[in-house]
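Visitor: quick one, fold the following:
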Amino acid sequence: MSWLSIKIISLFLLPPLNLFLLAGLGIVLLKHRPRLGRNLIITAWLLLYLICTPIFSRALIRSLETVPSLPLNAYSDAAGAIVVLAAGSYHNAPEYGGDTVTRETLERIRCAARLHRATGKPILVTGGRPQSRTPESVSMREVLLNDFYVPVQWIEDRSKNTWQNARFSYAILQPQGITTIYLVTHANHMPRALTAFEKAGFRVIPAPITFTTSYKLTPWDFIPHGQALGKSLTAMYEWLGRLWYALR
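Guide: Residues are numbered from 1 along each chain as shown. Purely as a prediction, here's the structure:
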């Protein structure tokens with residue numbers, strides 16, 4: 001299935017579009033089935049409120065963060081490489097004169113740079129160009145070299161999703177005799193990435209980053225917020241992806 005097909009299907013399966021469709025159905029039914037119509041509208045609005053609250057979005061993201069962080073200095077000589085997954089492109093960045101990495105990719109690169117300095121293991125960056133002229137992995141290499149002064153040994157620039165990240169990375173590293181790797185991605189994405197890379201043939205030492213933490217519960221945690229909606233959508237997309245992996 002193509003990258004575009006996956007995006008279109010997920011658009012209809014995930015909020016807010018599915019909730020708008022549910023509310024729209026309720027409006028259509030108001031004339032002939034008023035009780036059912038009102039219930040659908042109320043359900044859509046309640047669900048929209050829920051996924052926009054920080055308390056719900058944090059719980060949803062944390063449900064994905066099941067792989068523990070890599071303890072500091074608990075490194076293994078068994079790993080032959082560090083594999084870093086891309087997380088989109090910042091298109092036509094005026095301050096950088098072209099495409100570059102997103103904030104999420106930058107967070108992953110930072111971890112990879114630290115791992116490289118601590119272990120000396122070479123880095124493979126993986127990510128094609130589903131939405132940009134420049135492959136995401138090429139932008140990652142430029143940032144690692146120019147901003148972190150860390151070399152990149154291999155570039156995988158054809159993949160358009162996590163499953164292909166794993167398959168194409170294995171095709172590069174396995175002929176080099178490398179099948180045990182450090183895998184760097186976000187904590188909420190790690191379970192799905194781990195499945196993909198293990199299915200590809202790797203033995204994976206996970207290095208998840210950016211766990212969801214909070215200081216204390218406040219009244220603001222129950223107030224709808226756009227950032228909370230974004231986190232809820234990220235978590236739902238991951239759960240949908242894990243379901244797709246289970247089915248395939």
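Visitor: pLDDT value on Ser5, please?
Guide: Reported pLDDT at Ser5 in the predicted model: 71.
Visitor: helix or strand right after the helix or strand where it lies?
Guide: Per DSSP states H and E: Ser5 is located in helix 3-13. Next in sequence after helix 3-13, counting helices and strands by DSSP H and E, comes helix 17-29.
Visitor: which parts of that following helix are buried?
Guide: Leu19, Leu22, Ala23, Gly26, Leu29 (16 or more other CB atoms under 10 Å). For every residue, glycine as well, the C-beta is placed using N, CA and C.
Visitor: send me stretch 117-127 as CSV with only the CA atoms.
Guide: C-alpha atoms of stretch 117-127 as CSV (Å, rounded to 0.1, in the frame of the first residue of the first chain):
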residue,chain,number,x,y,z
ARG,A,117,30.4,9.5,21.0
ALA,A,118,29.9,7.0,23.8
THR,A,119,30.2,3.8,21.8
GLY,A,120,32.1,4.7,18.6
LYS,A,121,29.5,2.8,16.6
PRO,A,122,28.8,4.0,13.0
ILE,A,123,25.5,5.6,12.1
LEU,A,124,22.9,4.7,9.5
VAL,A,125,20.2,7.3,8.8
THR,A,126,17.0,6.1,7.2
GLY,A,127,14.2,8.0,5.5
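Visitor: residues contacting it, please?
Guide: 73, 75, 79-87, 105, 112, 115-116, 135-137, 140-141, 144, 150-157, 159, 165, 168-169, 172-173, 181-182 (CB atoms under 8 Å, 6 or more residues apart in numbering).
Visitor: among these, name the buried ones.
Guide: Looks like the contacts of stretch 117-127 have 75, 79-87, 105, 112, 115-116, 135-137, 140-141, 144, 150, 152-157, 159, 165, 168-169, 172-173, 181-182 buried, using 16+ other CB under 10 Å.
Visitor: on contacts alone, who are the packing partners of the helix holding Ser5?
Guide: The contact analysis (3 or more CB pairs under 8 Å, 6 or more residues apart in numbering; DSSP states H and E) places helix 3-13 against helix 17-29, helix 226-247.
Visitor: closest to Glu198 out of the ones you listed?
Guide: helix 226-247 (11.1 Å; CB to CB).
Visitor: please compute how far the closest one lies from its chain's middle.
Guide: 9 Å (CA atoms, centre = their mean, to the nearest Å).
Visitor: now do it, average pLDDT.
Guide: 90.
Visitor: CA atoms only: put it into PDB for me.
Guide: Extracted in PDB, the C-alpha atoms of helix 226-247 (Å, rounded to 0.1, in the frame of the first residue of the first chain):
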ATOM      1  CA  GLY A 226      -4.500  22.200  20.600                       C
ATOM      2  CA  GLN A 227      -1.200  20.600  21.700                       C
ATOM      3  CA  ALA A 228      -3.100  17.900  23.600                       C
ATOM      4  CA  LEU A 229      -5.100  17.200  20.400                       C
ATOM      5  CA  GLY A 230      -1.900  16.800  18.500                       C
ATOM      6  CA  LYS A 231      -0.500  14.300  21.000                       C
ATOM      7  CA  SER A 232      -3.700  12.300  21.000                       C
ATOM      8  CA  LEU A 233      -3.600  12.100  17.200                       C
ATOM      9  CA  THR A 234       0.000  10.900  17.300                       C
ATOM     10  CA  ALA A 235      -0.900   8.200  19.800                       C
ATOM     11  CA  MET A 236      -4.000   7.100  17.800                       C
ATOM     12  CA  TYR A 237      -1.900   6.900  14.600                       C
ATOM     13  CA  GLU A 238       0.600   4.700  16.400                       C
ATOM     14  CA  TRP A 239      -2.100   2.400  17.700                       C
ATOM     15  CA  LEU A 240      -3.600   2.200  14.200                       C
ATOM     16  CA  GLY A 241      -0.200   1.400  12.800                       C
ATOM     17  CA  ARG A 242       0.300  -1.400  15.400                       C
ATOM     18  CA  LEU A 243      -3.100  -2.900  14.500                       C
ATOM     19  CA  TRP A 244      -2.100  -2.800  10.800                       C
ATOM     20  CA  TYR A 245       1.200  -4.600  11.600                       C
ATOM     21  CA  ALA A 246      -0.700  -7.200  13.500                       C
ATOM     22  CA  LEU A 247      -3.100  -7.800  10.600                       C
END
